[in-house]
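>>> build the 3D model from these lines:
(chains A and B)
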Amino acid sequence: MNFTYLLDPAHWEFGAAGGIPQLILSHLGYTVLALLIGAVIALPVGLYIGHTGRGSFLAINAGNAGRSLPTLGLLMLMVTLLGLGLLPVLIALTVLVVPPILTSAYAGMRSLDQRVIDAARGMGMRPWQVLTRVELPMALPVLFGGFRSAALQVVATATVAASVGLGGLGRLLIDGLAVNDYSRVLAGAIVVAVLAVLVDLFLASIQRWIVSPGLKGTS
Amino acid sequence: MKRITAVLATVLALTLSACGTDSDPLAGESAAPGKPGAVTVGSANFAESELLAEIYSQALEADKITVTRKFNIGARELYLKALQDGSIDLLPEYNGALLSALSTGGAPQGVSSPDAVLTALKKVLPAGTEVLEQSSAEDKDTLTVTAETAAKHNLKTIEDLKPVAGQLTIGAGPEWAERYQGLKGLKEVYGVEFKEFKPLDAGGPLTVNALKGGDIDVANIFSTDSSIVTNKFVVLEDPKDLYLAENIIPLIRTTANNPTVTAALNAVSAKLTTENLTRYLAQVQVDKKDVKTVAKAFLTENGLI
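Below you'll find the predicted structure:
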């Protein structure tokens, strides 16, 4: 095992089919799509549950159930039902994204100081204004934490796409294993790990940028 | 680094050729009359290997040889180590796959017929091991299509794919993208280039389902796979012998071998065919029968015990 595959400039040629940059792009593609779909599903539900306090039982249990589903098994099931393609991969990854976003949205909303919300209501804010101007900005640090952990999990897990004929960095792992090229497997593992760290750093800087300065002392 | 590897390879080759002679002094010791010996039989971690190992075991036991079973060891990398360190003595192997695993950079090009593979294999066997007679049963790579695809494009052999391959998608294990007995060989030997290659599992359920569901048009499925019969798939002939022969062959430690063992295993190899192996394997995989029962049925029905 060595670093020859990782360090070979030919594997870093931009735009070459099967090259590392192209695999990173497709890997990020699956990640972003799954995160978007997951957020569109989980955010409204989580905020609603957190805002109203209704259905919290559902949020917590759906979250836990979702976390315990093995992604690879789910992916194989989806491929059996739907055939090959991007859809089964997106479904499997979305199931991974929903629980952390859902529970963090819920937890973020529940952790708010009730007196602040009362004050907002007392100032004559409508429920919608309370949600968007007070609750959401204040819940953002917790909520964003959930989003970051979802992103980390998906970056690491999107390697499963390669097991059903798609691209992404899993190709390096699966193809490398198939031809006993451990240098390539190592390259895949390192690139995935570095990518996960970079994605998290990127999201951390976004978080710093969008979270209200007034909250930074406390969170 | 390259030079060290070359030196090692030469040393290894010399050691092997020294061990490969027929008059191995060690072989005589365990063959003392009235002492039939003991053999530890291993197998890889898939049904066919286990079935074959059980057939070997029962055939040996019928000749009063003490058999210890250590089945389901894992992939070739693992069980070859187990064989070399003496934790197992005997394994069912495939001549082509074993040759590829033992030769650096895969099987030499142009070596693909059963006899050529066996000759090449005998030169690279690890020290202290030998192969017995190979059977005609082969579990090899095939290009397989559905009956509809075969009828639509009038496909019988891989050569028939040439004019239509540009419209077809092929599914196979990821190693097919790079190995000669994959896409490269198809292009060089048959001039066949597919529209798309989908890296799936090597002849596993993913590939079979993708072929059934129409996600791929041509699939790499192994010749003894019962899904070929149950789904009425059509196996395309390989008239130019692109795919390596994969005859089933007993690989044994020289110290565990003796004339009784050799005779028992050669008798099994003589009766094994691709056709009957497929049938008995289907009893294990499709009808979910016990490996022991199926192995016994094979041996009784072929008059071996």
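
>>> isn't A:Val134 up against A:Met125?
Yes: with contact defined as C-beta atoms under 8 Å, A:Val134 counts as touching A:Met125 (7.1 Å). Every C-beta, even on glycine, is put in place using the N, C-alpha and C of the backbone.

>>> so which residue is smack in the middle of chain A?
Centroid-nearest residue in chain A, with C-alpha atoms, centre = their mean: A:Ala151, separated by 2.6 Å.

>>> packing partners of the longest helix anywhere in chain A?
In chain A, taking DSSP state H as the definition, the longest helix is helix A:20-52. With contacts taken as 3 or more C-beta pairs under 8 Å, 6 or more residues apart in numbering or on different chains; DSSP states H and E, helix A:20-52 sits against helix A:56-68, helix A:86-110, helix A:136-157, helix A:170-178, helix A:182-210.

>>> what is the longest one packed up against?
Applying 3+ C-beta pairs under 8 Å, 6+ apart, one finds that helix A:182-210 makes contact with helix A:4-7, helix A:20-52, helix A:136-157, helix A:170-178.

>>> for B:Val268, find the nearest of those helices.
Distance to B:Val268, taken as C-beta to C-beta, is lowest for helix A:170-178 among these, at 31.2 Å.

>>> next, the angle helix A:136-157 makes with the closest one.
Taking axes from the mean of the first three to the mean of the last three C-alpha atoms, to 10 degrees, helix A:170-178 and helix A:136-157 form an angle of 20 degrees between their directions.

>>> could the helices and strands packed on helix A:20-52 go into a markdown table alongside distance to B:Tyr190 and mean pLDDT?
Shown next, in a markdown table, are the helices and strands packed on helix A:20-52 (distance: least, C-beta to C-beta, whole Å; pLDDT from 0 to 100):
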| stretch | distance to B:Tyr190 | mean pLDDT |
| --- | --- | --- |
| helix A:56-68 | 48 | 79 |
| helix A:86-110 | 31 | 92 |
| helix A:136-157 | 39 | 93 |
| helix A:170-178 | 22 | 90 |
| helix A:182-210 | 28 | 94 |
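
>>> for chain B, what are the nearby residues on chain A?
Contacts of chain A with chain B, taken as C-beta under 8 Å from any C-beta of the partner chain, map to A:76, A:79-80, A:83-85, A:162-165, A:171, A:174-175, A:178-180.

>>> least confident of the residues you listed?
Checking pLDDT across the residues of chain A next to chain B, the minimum falls on A:Asn180 at 75.

>>> burial measure for residue 173, as a count.
Reading this off chain A. Using other C-beta atoms under 10 Å in any protein chain shown, A:Leu173 is surrounded by 23 other residues.

>>> you looked at the wrong chain, it should be chain B
Neighbours around B:Gly173, by other C-beta under 10 Å: 22.

>>> which ones are touching it?
Counting by C-beta atoms under 8 Å, 6 or more residues apart in numbering or on different chains, B:Gly173 touches A:178, B:199-203, B:220.

>>> now B:Val284
The contact partners of B:Val284, by C-beta under 8 Å, 6+ apart, come to B:47, B:51, B:291, B:294.

>>> may I ask which of the contacts of B:Gly173 has the most neighbours?
B:Leu200 (29 neighbours).

>>> for the stretch 151-300 of chain B, what lies in contact range of chain A?
So the stretch 151-300 of chain B meets chain A at B:171, B:173-175, B:177-179, B:198-202, B:206, B:209-210, B:213-216 (C-beta under 8 Å from any C-beta).

>>> so of those residues, which ones are in strands?
Members of these lying in strands (criterion: DSSP state E): B:171, B:198-199.

>>> nearest to chain A, of the residues you listed?
B:Lys198 (3.9 Å; C-beta to the nearest C-beta).

>>> which residues are in contact with stretch B:62-81?
Contacts of stretch B:62-81 (C-beta under 8 Å, 6+ apart): A:180, B:36-45, B:50, B:53-54, B:57, B:60-61, B:82, B:87-88, B:91, B:97-98, B:101, B:126, B:260-261, B:263-264, B:299, B:304-305.
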